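1. fold the following and give me the result.
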Amino acid sequence: MPITDLVTPLRRQTLSGDVYQQLRELVMAGRMMPGEQVSLRSVAAALNVSVMPVREAMQRLVAEQALEVTPNRAVRVPRMSATQFLEITTIRVDLEGLATDHAAARMDAARLQVIVRWHEEFAAEMRKRRPDGTRLIDLNKELHFAIYRAAAMPTLLHMIESLWLRIGPILNYDLRSGSRRIDEAVAVAHHARLVEALASGDGAAARAALKGDIDSAAEFIVTAGVLVTGGRHEEKAAEVADGNNGETPSVPRNDNPPARAESRATKAGRNSSPTKV
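-> Numbering: from 1, shown residues only. Modelled structure (predicted):
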């Protein structure tokens, strides 16, 4: 889906921050895919802002490794190696499990009501003959972060958000691709056990249910063949670093009109030269 259909025009004065928040949310929620190019001018046009705040927002996202600058100065969503993915998944199990455990201990009727609502909406969408992958991705994220916010640990929440920012583009591949996990409603079963454990205040059971959810999705993604081999990814990362003297790359300032950014998974996976922005 083109980025012009995913963002909302902005008119507030804090433009750089607003652009950053919108792009950050798209990446973290898995609405942008690995290898997808991000055109500076296309984003600016979609948001009805000048190029400058978009450039500043992209620089922040590059620094956070949510975006990357390729050797030929194009900006894109990074591809991820299996080694990176498994490492981040292991960290997620620990950090998100900790947040879930604390959420169970602090759970009250108001927090639980919000969590149950997201779970029910997710389950209802999953039961449809043709579930909307984009909606499933959004509902899944809202459910998880409603739980993590219930832990009332802001620093931990920020760490979890940082991980989702790195892993978001690949995290919901199964929900986006219409895999067997949708047909079998695997995530719904994990979520149901998770919500039940939270309702009873059982932190250990909630943590176990969350681990099952994360591990199940991770296993599918690894076996689906959508991750880059470690050597190839590290080679590309080294090229980017060498091309920028080992420093965090800045968003290119080429003001020539870019070609339209690719947005389909099949296009994102090609080895064609990235479009400059």
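2. wait, a strand at G225?
-> No. Per DSSP: H, G, I helix; E, B strand; the rest coil, G225 lies outside any strand segment and is coil.
3. tell me the pLDDT of it.
-> Here the pLDDT value assigned to G225 is 79.
4. try M58
-> At M58, the predicted lDDT confidence score is 92.
5. in the stretch 151-277 of the chain, which spans are helices?
-> Counting by DSSP state H, counting those that start in this stretch, residue ranges of the helices within the stretch 151-277 of the chain are 154-171, 173-177, 180-183, 186-199, 203-223, 230-243, 265-268.
6. so for the second one, what's the average pLDDT?
-> Helix 173-177 shows an average pLDDT of 67 in the prediction.
7. do the same with the fourth one
-> Across helix 186-199, pLDDT averages out at 95.
8. pull the number of nearby residues for N48.
-> N48 has 12 neighbours, counted by other Cβ atoms under 10 Å. For the C-beta atoms, the positions are set from N, CA and C on the backbone; glycine is no exception.
9. actually T83, not the one I typed
-> Other residues within reach of T83, judged by other Cβ under 10 Å, total 15.
10. which positions within whatever helix or strand it lives in qualify as buried?
-> Under the criterion of DSSP states H and E, T83 resides in helix 82-106. Residues 82, 84-85, 88-89, 92-93, 95-104 are the ones in helix 82-106 that count as buried (16 or more other Cβ atoms under 10 Å).
11. okay, which residue is most central for the protein?
-> Among the residues of the chain, the one closest to the centroid is G168, at 1.9 Å (Cα atoms, centre = their mean).
12. who are the contact partners of that one?
-> Counting by Cβ atoms under 8 Å, 6 or more residues apart in numbering, G168 touches 27-30, 32.
13. what does R130 give?
-> No residues are in contact with R130 under the rule Cβ under 8 Å, 6+ apart.
14. hang on, it in a strand?
-> No. If the criterion is three-state DSSP, then R130 is coil and not within a strand.
15. now do it, the pLDDT please.
-> In this prediction, R130 carries a pLDDT score of 86.
16. try I91
-> pLDDT recorded at I91 is 97.
17. apart from its chain neighbours, what residue comes closest to it?
-> When the adjacent residues along the chain are set aside, I91 lies closest to L163, with 6.3 Å between them (Cβ to Cβ, 6 or more residues apart in numbering).
18. please report how far the one you found lies from V27.
-> Distance from L163 to V27, counting by Cβ to Cβ, to the nearest Å: 12 Å.
19. who has more neighbours, these two?
-> Set side by side, L163 and V27 show unequal neighbour counts under other Cβ under 10 Å, the larger going to V27 at 25 against 17.
20. list the buried residues of the helix or strand harbouring A110.
-> When elements are assigned from DSSP H and E, A110 belongs to helix 109-127. With burial defined by 16+ other Cβ under 10 Å, the residues of helix 109-127 counted as buried are 111-112, 115, 118-119, 121-123, 125-126.
21. what residue ranges in the stretch 51-200 of the chain score low on pLDDT?
-> When the per-residue scores of the stretch 51-200 of the chain are filtered using pLDDT under 70, the ranges that remain are 174-184.
22. list the contacts of V188.
-> Contacts for V188 were tallied using Cβ under 8 Å, 6+ apart; they are 122-123, 126.
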